[in-house]
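1. Quick check, what structure comes out for this input:
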Amino acid sequence: MTQISSPPKSLSVDKVDTSYLQTLIGYNSRRAALAVISVFMERMAAFGLRPVDFSVMSVITHNPGVTSRQLCSSLNILPPNLVGLIQSLEAQGLLERQAHPHDGRAVGLHPTSKGVTLMKQAEATASELEMEVGSKLTPTQVQTLVHLLQKIYL
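-> Just a heads-up that it's a prediction; the model follows:
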């Protein structure tokens, strides 16, 4: 590990040393996320979706009847933050609430046909972006990277 020494007397830097930062998981994962998220946001804007909207709609589309509690747990979203999001997606006609078949207190979230159509297009766009981003890696490296990142948060 590099030791921090006294600051040099010069007032200019010819080459910035980020070698320590490059050893950090958080720094590298944040840099990778920043490289992807701005393009992702731009492409999802065409569908009127922010990243969190995309994630929520993807889970609902692939799990019709999922509850808000399940969504919060699987996406690490705080319940108060999900309430307005669900209301907004419902107002846009992308999802609907239906009584849960086994729990009278719970409500299942279901994609509407408009929501399913939108998510098919949005997920295809996201997959194209993933292929572009992953083009610097072999398919095995992509799988390994995803697996290693999941080990950190799952």
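2. Next, please give the residue ranges for the helices of this structure.
-> Ranges of helices in the chain, per DSSP state H, are 25-45, 51-62, 68-75, 79-91, 113-134, 139-153.
3. Relative to D17, which of those is closest?
-> Nearest of those to D17, taken as CB to CB: helix 25-45 at 13.4 Å. C-beta coordinates here come from the backbone N, C-alpha and C atoms, glycine included.
4. circling back: so which of the helices of the chain is the most packed in?
-> Highest mean neighbour count among the helices of the chain (mean count of other CB atoms under 10 Å): helix 51-62, with a mean of 18.
5. Show me what it is packed against.
-> The helices and strands touching helix 51-62, judged by 3 or more CB pairs under 8 Å, 6 or more residues apart in numbering; DSSP states H and E, are helix 25-45, helix 68-75, helix 79-91, strand 107-111, helix 113-134.
6. can I get those in CSV with mean pLDDT and distance to M57?
-> Output for these, formatted as CSV (pLDDT from 0 to 100; distance: least, CB to CB, whole Å):
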stretch, mean pLDDT, distance to M57
helix 25-45, 95, 10
helix 68-75, 96, 10
helix 79-91, 96, 7
strand 107-111, 96, 7
helix 113-134, 96, 5
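7. can you tell me which of those comes nearest to A99?
-> Of all these, strand 107-111 sits nearest to A99, with 6.6 Å by CB to CB.
8. That closest one: partners in the sheet, and parallel or antiparallel?
-> strand 66-67 (antiparallel), strand 95-99 (antiparallel) (DSSP bridges).
9. can you redo these as CSV with distance to D53 and mean neighbour count?
-> Formatted as CSV, those follow (distance: least, CB to CB, whole Å; neighbours: other CB atoms under 10 Å):
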stretch, distance to D53, mean neighbour count
strand 66-67, 15, 18
strand 95-99, 10, 15
